[in-house]
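Asks: coords please:
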Amino acid sequence: MKKFFILFGIPVADIDEWMKKPEAERKGMEQDLMQQWNAWMTAHEAMFVNKGGPLGKNKRATGKGVADVRNDLNWYAIVQGASHDEVANMFADHPQVIAIPSAYIQIMEMPERGM
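Replies: From the prediction side, this is the model:
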């Protein structure tokens with residue numbers, strides 16, 4: 001089985017718009033999405049090596065120093081599967097990409113490498 005690094009993203013501008021919704025409306029929608037997410041995770045549990053977790057605020061280090069930055073990434077996970085296509089197709093019906101049209105999930109193979 002091959003391993004794959006999964007990154008979930010939602011454009012920053014869409015998150016900003018989301019945060020403008022009334023809190024009660026937002027919380028209800030978040031709860032619905034999390035119920036769908038949990039059901040999806042349970043259905044695909046056997047393929048997860050690491051269920052991952054949320055990604056918070058971040059900083060970028062460059063030759064010019066360190067700066068606070070924002071990006072679209074909000075969750076990570078590690079899964080295993082027979083092929084890149086198999087794993088990518090598994091995420092095609094993930095609740096995040098169904099509920100949030102601008103959301104995306106990146107699936108990157110983690111090649112074996114000796115150290």
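Asks: Only the buried residues of stretch 9-19, if you could.
Replies: For stretch 9-19, the neighbour count (16 or more other C-beta atoms under 10 Å) marks 9, 10 as buried. No exception for glycine: its C-beta is placed from N, CA and C like everyone else's.
Asks: That should have said stretch 50-65, apologies.
Replies: residue 52.
Asks: what's the average pLDDT for it?
Replies: What stretch 50-65 shows for mean pLDDT is 95.
Asks: Can you dump the C-alpha atoms of it in CSV for me?
Replies: Extracted in CSV, the C-alpha atoms of stretch 50-65 (Å, rounded to 0.1, in the frame of the first residue of the first chain):
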residue,chain,number,x,y,z
ASN,A,50,-3.4,9.3,10.6
LYS,A,51,-6.8,11.1,10.7
GLY,A,52,-4.9,14.3,11.0
GLY,A,53,-6.3,17.5,12.5
PRO,A,54,-6.9,21.1,12.0
LEU,A,55,-4.3,23.5,10.8
GLY,A,56,-4.1,26.9,12.6
LYS,A,57,-2.4,30.2,12.1
ASN,A,58,0.9,30.0,10.3
LYS,A,59,4.2,31.9,9.7
ARG,A,60,6.5,31.9,6.7
ALA,A,61,10.2,31.9,7.1
THR,A,62,12.3,33.2,4.2
GLY,A,63,15.8,34.7,3.7
LYS,A,64,14.2,38.1,4.6
GLY,A,65,12.8,36.9,7.9
